[in-house]
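Peer 1: only geometry, no sequence info:
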């Protein structure tokens, strides 16, 4: 059994196991939010609602860069791609934890696909 005060607990699995064994539930780190953090978002430290808000904000910023003919930072593009992968995992899971946010997760995938297409168009335009 993991000790509740174990100081070297890192990674989603370890944190989840610790929460299960100690009865601790991680709460959203956003001010005044008391929503629980789903296990899939433990490393982000926020509830699904705030996570989606953050990703939509970053996707909108990337789209603005693209529409101005600039390329967003490569690290940001990789991060957005990883968020798309995470959204797919959440949608494909056999859990009802994300059911109320299913529409927003699907909307996020469409938004990220739009960012991808915009990046692709900009890359093609630069090659011409």
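Peer 2: Cool, got the structure. This one's a predicted model, so the numbers in the text were calculated from it and none came from an experiment. Numbering: from 1, shown residues only.

Peer 1: And the helices in this structure?
Peer 2: For the chain, the helices defined by DSSP state H occupy 12-22, 48-67, 74-92, 102-127.

Peer 1: Out of those helices, which is the most enclosed?
Peer 2: Greatest average neighbour count among the helices of the chain goes to helix 48-67 (a mean of 17), per mean count of other CB atoms under 10 Å. Backbone N, C-alpha and C define where each C-beta goes, glycine included.

Peer 1: in terms of contact, does residue 54 touch residue 46 like I think?
Peer 2: Yes - with contact defined as CB atoms under 8 Å, residue 54 and residue 46 form a contacting pair (7.0 Å).

Peer 1: what about stretch 57-65, distance to the chain center?
Peer 2: Stretch 57-65 has its C-alpha centroid displaced from the chain centroid by 15 Å (CA atoms, centre = their mean, to the nearest Å).

Peer 1: which regions of the chain lie under the pLDDT threshold?
Peer 2: For the chain, residues meeting the criterion pLDDT under 70 lie at 1-25, 94-97, 124-128.

Peer 1: How is this structure divided into domains?
Peer 2: Domains of the chain are assigned by automatic domain parsing as 1-46, 47-128.

Peer 1: Apart from its chain neighbours, what residue comes closest to the residue nearest the centre of the chain?
Peer 2: Central residue of the chain (CA atoms, centre = their mean): residue 83, 4.5 Å from the mean position. Distances taken as CB to CB, 6 or more residues apart in numbering place residue 55 nearest to residue 83, at 4.8 Å, with adjacent residues excluded.

Peer 1: my read: that neighbour touches residue 82, true?
Peer 2: No - if you go by CB under 8 Å, residue 55 and residue 82 don't touch, sitting 10.0 Å apart.

Peer 1: which ones are touching the nearest residue to residue 84 once chain neighbours are set aside?
Peer 2: Computed as CB to CB, 6+ apart, the closest residue to residue 84 that is not its neighbour in sequence is residue 112, at 4.4 Å. With contact taken as CB atoms under 8 Å, 6 or more residues apart in numbering, residue 112 is in contact with 59, 80-81, 83-84, 87.
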